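[1] the following comprises the amino acid sequence and a computationally predicted model.
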Amino acid sequence: MFSYPSLVVRERNGNSEERLNINDAHDSFQDAWSMNQSMELSLTARLLPGYTSAFNLLQTQNLIVYGGQQYVIKQASPAVDAGILTNQVKAVHIMYDVLKNVRKEDINAGTLTYSFQDACSQFVNGNDQDVTVDYDGNFQSVQIENLGNTSFLEFLTSYLDKFGAVMIPDNLHIHFYSRDTFRHETNNMFVYGGNTDAVHLSTDSSNLINQCWCYGKPVDNENSSSNNDLTKGNYQVKFLFSDQDSINKYGLHRGPAISDERFTDQGSMQQYVQSTLQTEPTLQLTMQYLSRTVINKGDGWYLRAPSIGLEREVTVTGITQNPYNPASMPTITLDNTSAALRSISLTSSNRVRDHDNQITNLTAIANNIRVNEDHFAGLQTIDGGVSDVQYRPNA
């Protein structure tokens, strides 16, 4: 038997709550989660007998409670459609709304190295929004300049990926996972032509950087990287990072200087910078899933799409679905970490190169056929005519 998640609309102050029409959800509901980016839903409700109170509660800043999670209505668009009053609403998970109010107003002057837990505690400790957090896994340390005068949401938007962290909201609680602990194996497989009939790759070079100056530990405190002008002073490590392969392929894309007092060795800092910068265009891998097997955030699957050269371990990093419509299949986003994307990009490039080689070989065969057919031109045919071979493949 098909079961539905609970779906109600609630007044912001909690004084009233009404169940929403499942038929409206069947036709128009969308639940969209993208790792470290967004957690949203949308719905078009109709003013029908029995649902007047629920319809009237669909106002901005009221709450939709879906599967036990609270979402704040941010957009409401009433309209008349075929004589029926409708209201299209869009809502964001309550955490993305509340975190704007969790702020660090004072500034920690200078460029300091923070663990992920220490940086988050600057915002969470003593907050008045009842936001709590927990951590699972080991996170990178990151240098941050003048931490403060910002919201927790702005901080997380800027630094989650740099710390190697994944954020999963649970109403007013946040579970933070390292990349390793976020992924959990399922021993399941996506197979193109089996449980998926569409696999899409999209590329983006907007944030490409393949050259920048790098500054390690200063020789003395007077030349600390907290100085506004990094070009002045002496450093134990100072060099111009260039990824020549990236420059050759995509042109020169300079970025801001990187300063990190942890490094006293150029080789180590070079490896760190190489792993931090986006020297290749990012790719997004999405697919249409045709099975009813439940897909969860962080699921580890194996993807087989031989026609585009993809056979690899993948992690679910985005889900768009309508759980109220059994005929609606979810769209899954996979592996948006830089290492995985570089691997996918290489595999895809190899597949394109192989395809080009196949076309070259086919052209050579066709030209050979043309030469052989030319031998028959001008010969007497069985009915007394003269053969005239017209086939001419492109060179």
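    Okay, I see it.
[2] give me the number of residues near residue 63?
    21 (other CB atoms under 10 Å). For every residue, glycine as well, the C-beta is placed using N, CA and C.
[3] and what of the one 5 residues further on?
    Around residue 68 there are 9 other residues, counting by other CB under 10 Å.
[4] got the contact list for the closest residue in space to residue 20 that isn't next to it in sequence?
    Spatial nearest neighbour of residue 20, excluding adjacent residues (CB to CB, 6 or more residues apart in numbering): residue 7 at 4.9 Å. Going by CB atoms under 8 Å, 6 or more residues apart in numbering, residue 7 touches 19-20, 22, 25, 29, 64-67, 324.
[5] likewise residue 202?
    283-284, 286.
[6] beta partners for residue 76?
    Taking DSSP bridges as the rule, residue 76 bridges to residue 89.
[7] span of stretch 43-56 from start to end?
    14 Å (CA to CA, to the nearest Å).
[8] got it, and stretch 95-102?
    Start-to-end, stretch 95-102 (CA to CA) is 10 Å.
[9] in that stretch, what's buried?
    For stretch 95-102, the neighbour count (16 or more other CB atoms under 10 Å) marks 95-99, 102 as buried.
[10] now intersect those residues with the helices, please.
    Under the assignment DSSP state H, the buried residues of stretch 95-102 contribute 95-98 to helices.
[11] any weak-confidence spans in this protein?
    1-2, 221-231, 308, 336-395 (pLDDT under 70).
[12] rewinding a little: of the contacts of residue 7, select the buried ones using a PyMOL command.
    Selection of buried members from those for PyMOL, criterion 16+ other CB under 10 Å:
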select buried, resi 20+25+29+64+65+66+324
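[13] where do the strands sit along the stretch 1-150 of the chain?
    Ranges of strands within the stretch 1-150 of the chain are 7-10, 17-19, 30-34, 38-46, 63-66, 69-81, 84-93, 103-114, 132-136, 142-151, based on DSSP state E, counting those that start in this stretch.
[14] reformat those as JSON lines; add distance to residue 248.
    Conversion of these to JSON lines gives the following (distance: least, CB to CB, whole Å):
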{"stretch": "strand 7-10", "distance to residue 248": "53"}
{"stretch": "strand 17-19", "distance to residue 248": "60"}
{"stretch": "strand 30-34", "distance to residue 248": "32"}
{"stretch": "strand 38-46", "distance to residue 248": "35"}
{"stretch": "strand 63-66", "distance to residue 248": "49"}
{"stretch": "strand 69-81", "distance to residue 248": "45"}
{"stretch": "strand 84-93", "distance to residue 248": "42"}
{"stretch": "strand 103-114", "distance to residue 248": "33"}
{"stretch": "strand 132-136", "distance to residue 248": "41"}
{"stretch": "strand 142-151", "distance to residue 248": "30"}
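[15] out of those strands, which is closest to residue 279?
    strand 142-151 (19.1 Å; CB to CB).
[16] tell me which element the closest residue to residue 334 other than its chain neighbours is part of?
    Computed as CB to CB, 6+ apart, the closest residue to residue 334 that is not its neighbour in sequence is residue 314, at 4.2 Å. If you go by DSSP states H and E, residue 314 is part of strand 310-321.
[17] what segments of the stretch 101-250 of the chain are helices?
    116-124, 152-163, 179-182, 244-250 (DSSP state H, counting those that start in this stretch).
[18] what's the neighbour count on the closest residue to residue 132 other than its chain neighbours?
    Spatially, and ignoring its direct neighbours in sequence, residue 132 is nearest to residue 173 (4.9 Å; CB to CB, 6+ apart). For residue 173, the neighbour count with other CB under 10 Å is 13.
[19] who are the neighbours in contact with residue 173?
    So residue 173 contacts 131-134 (CB under 8 Å, 6+ apart).
[20] thought residue 285 was touching the residue nearest to residue 334, still the case?
    Yes: applying CB atoms under 8 Å, one finds residue 314 in contact with residue 285, separated by 7.3 Å.
[21] what do these two both touch?
    Listed as contacting both residue 314 and residue 285 by CB under 8 Å, 6+ apart are 334-335.
[22] about what we covered before: who wins for most neighbours among the contacts of residue 173?
    Highest neighbour count within the contacts of residue 173: residue 131, with 19 neighbours (other CB under 10 Å).
[23] what's the domain layout of this protein?
    Split into domains by automatic domain parsing, the chain comes to 7-94, 102-181, 211-276.
[24] can you add distance to residue 295 and give the ones you listed back as JSON lines?
    Formatted as JSON lines, these follow (distance: least, CB to CB, whole Å):
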{"stretch": "domain 7-94", "distance to residue 295": "11"}
{"stretch": "domain 102-181", "distance to residue 295": "15"}
{"stretch": "domain 211-276", "distance to residue 295": "29"}
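[25] which one of the ones you listed lies nearest to residue 197?
    Nearest to residue 197 among these is domain 7-94; the distance by CB to CB comes to 20.3 Å.
[26] so how far is that closest one from its chain's centroid?
    Here domain 7-94 is found 25 Å from its chain centre; the criterion is CA atoms, centre = their mean, to the nearest Å.
[27] so how many other residues sit close to the residue nearest to residue 334?
    Neighbours of residue 314 under the rule other CB under 10 Å: 22.
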